[in-house]
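Colleague: Have a look at this prediction, sequence included:
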Amino acid sequence: MKKHIASLGTLLMTAALLAGCGNSGEKPKINDTPVNTNGIVYSNLADTESQNEVAEILESHGVTKEQTQALISWADDYNSRVSSGTPAEGFQPLGDVGADYSGFIVDGREAADGMFEPEANCRLTSYLLMKNLIQTNGKQADNDTVLVFDMEAVDSCRQFALSEEERNNYVSLFSRVPLNGADTMEKHIELIQNTWKDRDIKIEGDGISLITVYLHMPFDDVRFVGHTGVLVETDDGLLFIEKYGPQLPFQATRFHDRNELKEYLLNRADLYGDETELAPIVMENDRVI
């Protein structure tokens, strides 16, 4: 019975996390137009060579070895539990519709008490890599339901544990942005940027930045971080590191420029709801891409 209850809890957690770091298995596209992925390659950090390459690039931009080793540990743990689908080793061509995770299944990680532990999502992964570069004043939106399961993971699972200061910065960084009835893209962007100023969110780092995709939730009159990843400048372009979804792989992708990155992000099918929602907004730190 305990395992049945745990499975139900896992399903509920997964469903809630779909509101951020989407978990769709659909092939990403808009209006049936494939993403232009010529020359774009990706890895699921499933081999030592790609892991070392990504870690070296991250560490050269201020991410500590402790943080990169944690990322590799998370990736190894996830990849070892994939029971359907094959994580990409090395860097493989992305393909004209992006990585296809429609057949991926990962077995849950059971704790000693019989409950299933939460999976890393995009926000937890990005914060792992950026936490020593982020400062805030700790302000946050009240009763942010979007982050309920993030904080449950932080408070209950050792691998996601944060200090009190880190926890406050996490919530301030990813807490929703109230819209106060604003109904235009221009006003939404202004409110997001004003929220960053109000919370004194600062990201310090040379050649490394946080990419956030703010989605519109009309019913609650807010924008929230539906997806996020870490962007690093390299000698031959850009490297973007993300957790594609709670039940889906870690992914490191090489892009030539920010236009390719934005096109890639906006072609995720799971970012779009109904006609009442305004389009996603892609930010690099506090600037619109």
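Modeller: Right, received. Where do you want to start? Residues are numbered from 1 along each chain as shown.

Colleague: contacts and neighbour counts: CA atoms only from here.
Modeller: Fine.

Colleague: what are the ranges of the strands in the stretch 151-289 of the chain?
Modeller: Ranges of strands in the stretch 151-289 of the chain, per DSSP state E, counting those that start in this stretch, are 177-178, 202-203, 208-217, 222-234, 237-245, 248-255, 281-284, 287-288.

Colleague: Including mean neighbour count, mean pLDDT and distance to Ser83, could these go into a markdown table?
Modeller: Shown next, in a markdown table, are the strands of the stretch 151-289 of the chain (neighbours: other C-alpha atoms under 10 Å; pLDDT from 0 to 100; distance: least, C-alpha to C-alpha, whole Å):
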| stretch | mean neighbour count | mean pLDDT | distance to Ser83 |
| --- | --- | --- | --- |
| strand 177-178 | 20 | 96 | 38 |
| strand 202-203 | 17 | 96 | 38 |
| strand 208-217 | 24 | 98 | 30 |
| strand 222-234 | 24 | 97 | 25 |
| strand 237-245 | 23 | 97 | 16 |
| strand 248-255 | 24 | 98 | 12 |
| strand 281-284 | 20 | 98 | 33 |
| strand 287-288 | 12 | 97 | 38 |
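
Colleague: Go through those strands and name the closest to Glu164.
Modeller: Across the strands of the stretch 151-289 of the chain, Glu164 has its closest neighbour in strand 202-203 (17.9 Å, C-alpha to C-alpha).

Colleague: list the helices and strands the closest one packs on?
Modeller: The contact analysis (3 or more C-alpha pairs under 8 Å, 6 or more residues apart in numbering; DSSP states H and E) places strand 202-203 against strand 134-135.

Colleague: tell me the contacts of the residue nearest the centre of the chain?
Modeller: The centroid of the chain falls nearest to Cys122 when counting by C-alpha atoms, centre = their mean (2.2 Å). Cys122 makes contacts with 20-21, 227-229, 242-246, as judged by C-alpha atoms under 8 Å, 6 or more residues apart in numbering.

Colleague: circling back to that earlier point, Glu275: which of the strands of the stretch 151-289 of the chain is closest?
Modeller: strand 208-217 (10.9 Å).

Colleague: So what's the gap between that closest one and the chain middle?
Modeller: Computed by C-alpha atoms, centre = their mean, to the nearest Å, the separation of strand 208-217 from the middle of its chain amounts to 9 Å.

Colleague: What of stretch 255-275?
Modeller: Using C-alpha atoms, centre = their mean, the mean C-alpha position of stretch 255-275 is found 13 Å from that of the whole chain.

Colleague: Quick one: the strands in the stretch 1-150 of the chain, in order.
Modeller: 41-43, 82-84, 92-93, 105-106, 109-110, 116-117, 134-135.

Colleague: wait, which of these is closest to Thr184?
Modeller: For the strands of the stretch 1-150 of the chain, proximity to Thr184 was assessed by C-alpha to C-alpha; strand 134-135 is nearest, at 29.0 Å.

Colleague: contact partners of that closest one?
Modeller: Under the criterion C-alpha under 8 Å, 6+ apart, residues 169, 200-204 lie in contact with strand 134-135.

Colleague: can you redo the residues you listed as TSV with distance to Phe104?
Modeller: Output for the contacts of strand 134-135, formatted as TSV (distance: C-alpha to C-alpha, whole Å):
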residue	distance to Phe104
Asn169	33
Asp200	39
Ile201	36
Lys202	36
Ile203	34
Glu204	36
